[in-house]
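In: Below is the sequence, then the predicted model.
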Amino acid sequence: MSAFSLMNTSKQKLFNRVLGVLRFACRSSWLLPLGFLLLCAFCACWPLTFPWRLRSACWAQVADTAWVVSFCLGMLYALLLALWLVLMTLWAFWQHRPMHTLRRWCCTLLMGGMGCCTLMFSYLAMVFLDADHSADAFRLPQDVALEVPQDITLFSNLQIPAEVRQMVEEAERARQRPEAETVDVAGSAEDECGEMPHFNRLAQEHPELLRKLLERSVLLGDSRYADARSRGDEGEYRWWQCHLWLSQRGGAELEPAAERNELWARQVGRRSYREGAHGWCIVGICHDCWKNRLVECPPLVAAAMRRLDAALAPLAEAPTQETLDRLLPLPELPYLRFRETVQAGIYELVLLVPRGDGVDYTVEACEYHTGAPLRLSRSLGASGSEPRRQGSEVDYYRTELTVYTGNWGQFYGSTWCIKADGRPVRKQHVLMQGWTR
């Protein structure tokens, strides 16, 4: 017999064996349901490794990916198991074997139910298990001042160190972010904000200074000169808010600064516009927080517009570059700004860089004392997914990332190193807390 014939015979035997195994698996009442249960048990093993796998950022990413793949395989297996049960039920009835049908249904319901419960446990453990102990040994540094991210969250139900609360309060006072003015929402519908002389003068005579003011306000996270708020109460269950912001036609890149701070600002319709020269305008909306809808409330709009015009007064009275630099000085470049967004541990980062220098900037983050790298959801800078954006005075990267190192209320010092073409050019020490999943 030739070697070619022997090879064909071996392939035929292997094929027959595989076919026999598949035939046995399909006819067996317990084998496929047992396989589903074992696969679900395998998926449940990943949450059990959750505490120690966080010590390595690389291994954590591999483990997360493997868990997602195994979970998807489990869902696919469940669909195939249901299809197998239906086909085998039809076949058993065709062959008049009701006991085979009963055994298959019992095994599938028993092991399938156990497998589904295991998968649900695995999912809940991955999402809600507070097992991140990577920052337990971290502590706040005593020999360096920490920058405090804007809008950082201090949970009232968690034990927050007194030094952290004091640090946050001092940072908020330094930013001088005024509270919203309270006005009577039942005021006269004829209440108007007047001529708004400061806004009109800047829009008419100094539009470039106004553009720079808006750009700096957005990039530096200082809303005093770009937006204004007012609020009012009407009875125990009524709460109204008005929010308006400075905008320029064609300047959509910088316009949404105020909208990102207020979820309700993303609603459309019923917006108030105060037009100015050279495409400048003030956009305002009023919101009934109890009924969760936009409303018309002239007293709130008038109060907010008067307040915004008053904030523009220093620049309108002395419309020079020196006044702008005094109101909103650009920091030494490059510079990184932090702001908490939808949840604690999720930050918006803005990296200001020299305009048009052509340098690739990247950012690396680590714990202050140990130098342990922080686990981040993405990178920032040239190697990240956010491209450099051009501004009139500076260029910048803007992105949103999640810090996985630590939990809510677990504060520690972090060091963020800005590198230009791989060379460190600036370090910033920042108060940090991670995201609890």
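Out: Perfect, thanks for sending it. Numbers count the residues shown, from 1 in each chain.

In: So in this protein, where's the weakest helix or strand by average pLDDT?
Out: helix 257-261 (a mean of 42; mean pLDDT, DSSP states H and E).

In: got the buried residues for the very next helix or strand once past it?
Out: Following helix 257-261 in sequence order, the next helix or strand is strand 272-275 (DSSP states H and E). Within strand 272-275, the residues that count as buried by 16 or more other Cβ atoms under 10 Å are S272, R274. Quick note: C-beta positions are derived from backbone N, CA and C, even for glycine.

In: Helix, strand, or coil at the nearest residue to E367 once chain neighbours are set aside?
Out: Nearest residue to E367, sequence neighbours excluded (Cβ to Cβ, 6 or more residues apart in numbering): F138, at 5.5 Å. Here F138 is recorded as coil under DSSP: H, G, I helix; E, B strand; the rest coil.

In: Report how many residues lie close to F138.
Out: 21 (other Cβ atoms under 10 Å).

In: these two touch, right, it and H369?
Out: Yes: if you go by Cβ atoms under 8 Å, F138 and H369 touch, sitting 7.0 Å apart.

In: what touches both of the two?
Out: Residues touching both F138 and H369 (Cβ atoms under 8 Å, 6 or more residues apart in numbering) are G413.

In: Centre-most residue in the protein?
Out: I346 (5.1 Å; Cα atoms, centre = their mean).

In: That residue bridge partners, please.
Out: Judged by DSSP bridges, the bridge partners of I346 are T402.

In: Contact partners for it?
Out: Contacts of I346 by Cβ under 8 Å, 6+ apart are E340, E400, L401, T402, V403, W435.

In: By neighbour count, which of these wins?
Out: L401 leads the contacts of I346 on contacts (other Cβ under 10 Å) with 22 neighbours.

In: surely it meets L349?
Out: Yes: shown here, L401 and L349 form a contact pair, counting by Cβ under 8 Å, at 6.4 Å.

In: Show me what the longest helix belonging to the chain packs onto, helices and strands only.
Out: Counting by DSSP state H, the longest helix found in the chain is helix 57-94. For helix 57-94, the helices and strands in contact under the criterion 3 or more Cβ pairs under 8 Å, 6 or more residues apart in numbering; DSSP states H and E are helix 3-27, helix 31-48, helix 50-53, helix 98-128.

In: lowest-confidence stretch among the ones you listed?
Out: Ranked on mean pLDDT, the bottom entry among the helices and strands packed on helix 57-94 is helix 50-53, at a mean of 48.

In: What is the neighbour count of C40?
Out: Residues near C40, counting by other Cβ under 10 Å: 26.

In: How about D151?
Out: Neighbour number of D151 under other Cβ under 10 Å is 17.

In: do E364 as well
Out: 17.

In: Surely it touches S414?
Out: No: taking contacts as Cβ under 8 Å, E364 lies outside contact range of S414: 10.7 Å.

In: which SSE is L352 in?
Out: Assigned by DSSP H and E, L352 falls in strand 346-353.

In: Can you tell me the closest non-neighbouring residue to R165?
Out: Here the residue nearest R165, using Cβ to Cβ, 6+ apart, is L154, at 6.4 Å.

In: List the contacts of the one you found.
Out: L154 sits next to I160, V164, R165, V168, G409 when contact means Cβ under 8 Å, 6+ apart.

In: Pull out the buried members of the residues you listed.
Out: I160, V164, V168, G409.

In: Now do the same for the last one: helix, strand or coil?
Out: What it means is G409. From three-state DSSP, the assignment for G409 is coil.

In: need the contact list for it.
Out: L154, F155, L158, Q159, I160, A344, Q433 are the contacts of G409 under Cβ under 8 Å, 6+ apart.

In: swap in M432?
Out: So M432 contacts P149, L374, V403, T405, G406, F411, Y412, G413, S414 (Cβ under 8 Å, 6+ apart).

In: Just to check, the third one is in contact with V430?
Out: So that's V403. No: checked against Cβ under 8 Å, the pair V403 and V430 is beyond contact range at 10.1 Å.

In: Counting neighbours, what do you get for T405?
Out: With other Cβ under 10 Å as criterion, T405 counts 26.

In: I misspoke; the intended subject was L79.
Out: Count around L79 with other Cβ under 10 Å applied: 9.

In: What distance do you get for it to C72?
Out: According to Cβ to Cβ, to the nearest Å, L79 and C72 sit 11 Å apart.

In: just Q410 next, same as before
Out: With Cβ to Cβ as the criterion, Q410 and C72 are 32 Å apart.

In: same check, this time on G422
Out: Remark: distance between G422 and C72 (Cβ to Cβ) = 38 Å.

In: Compare these two (neighbour count), which wins?
Out: Under the neighbour definition other Cβ under 10 Å, G422 and C72 were set side by side, and C72 has more, 11 against 7.
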